[in-house]
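*Asks:* Mind looking at a prediction? Sequence and model below.
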Amino acid sequence: MAAHHVELLDTARQLLARQPGQRGRLSGARVRRSISTSYYALFSFLMKEVSDRIVGTGGALSVRRRMFSRVLTHAGLLSALSKCRGGQIEANVSGFFQHAAAPVTVAPPFIRTMAAAFSDSQAKRHDADYDMNASLSETDALVLATRVERAISDWSTARTAADRDFKHALCLLLVLKGKLRTE
């Protein structure tokens, strides 16, 4: 059985698929649903990553992982990821990413890609779900699905010890909704 985020991305792409001989624009509802589904694929991926890293991956822990993943919020993920999105990690959390006395001031590229994709896909999902005046095209939906896939792929292929450590620290920060006691 495919992971939930994989199924969601497949669904987002299927919503944009044309039937043989079909011409013209796809319905706005299909485009909007595809955009929303791409965002939820990324949200689902992050829920799984956080719960796997914090709770563990053993089969006996599946109920605990599902329960734990519910502490994550859309706004909390956005807040935490925003602290790593720019060229520099925000000063108020940079110490949290220190490891082995090595100063970390810049997030790895795969984290910046994830943070930007999450922020942008959340904004697009908001437009798709709540702003009927927003003009959204099939191209917007395809670009978003591709961008979400890329962010997930970049995250998944980052496997050095430093990458794993940064992911773990970020997952903790995601649970904390980007807020540390020092703030």
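*Replies:* Noted; the coordinates are in hand. Residues are numbered from 1 along each chain as shown.
*Asks:* So which residue is dead centre in the chain?
*Replies:* residue 42 (3.7 Å; CA atoms, centre = their mean).
*Asks:* And what about that one, helix, strand or coil?
*Replies:* Of the three states, residue 42 takes helix according to DSSP: H, G, I helix; E, B strand; the rest coil.
*Asks:* From the structure, what's the count of residues near the closest residue to residue 40 other than its chain neighbours?
*Replies:* Using CB to CB, 6 or more residues apart in numbering and skipping the chain neighbours, the partner closest in space to residue 40 is residue 8 (5.5 Å). C-beta coordinates here come from the backbone N, C-alpha and C atoms, glycine included. Counted with other CB atoms under 10 Å, the neighbours of residue 8 add up to 23.
*Asks:* residues touching residue 8, list them.
*Replies:* Shown here is residue 8, whose contacts under the criterion CB atoms under 8 Å, 6 or more residues apart in numbering are 37-38, 40-41, 44.
*Asks:* Hmm, the residue nearest to the centre of the chain is touching residue 120, no?
*Replies:* No: counting by CB atoms under 8 Å, residue 120 is not a contact partner of residue 42; they are 10.0 Å apart.
*Asks:* three-state assignment of residue 172?
*Replies:* For residue 172, the assignment made with three-state DSSP gives helix.
*Asks:* so how many other residues sit close to the nearest residue to it once chain neighbours are set aside?
*Replies:* With CB to CB, 6+ apart as the measure, residue 54 is the residue that lies nearest to residue 172, at 7.2 Å, once sequence neighbours are left out. Here the neighbour count serves as a burial measure; for residue 54 (other CB under 10 Å) it reads 17.
*Asks:* how far away is the residue nearest to residue 40 from residue 76?
*Replies:* Counting by CB to CB, to the nearest Å, the gap between residue 8 and residue 76 amounts to 20 Å.
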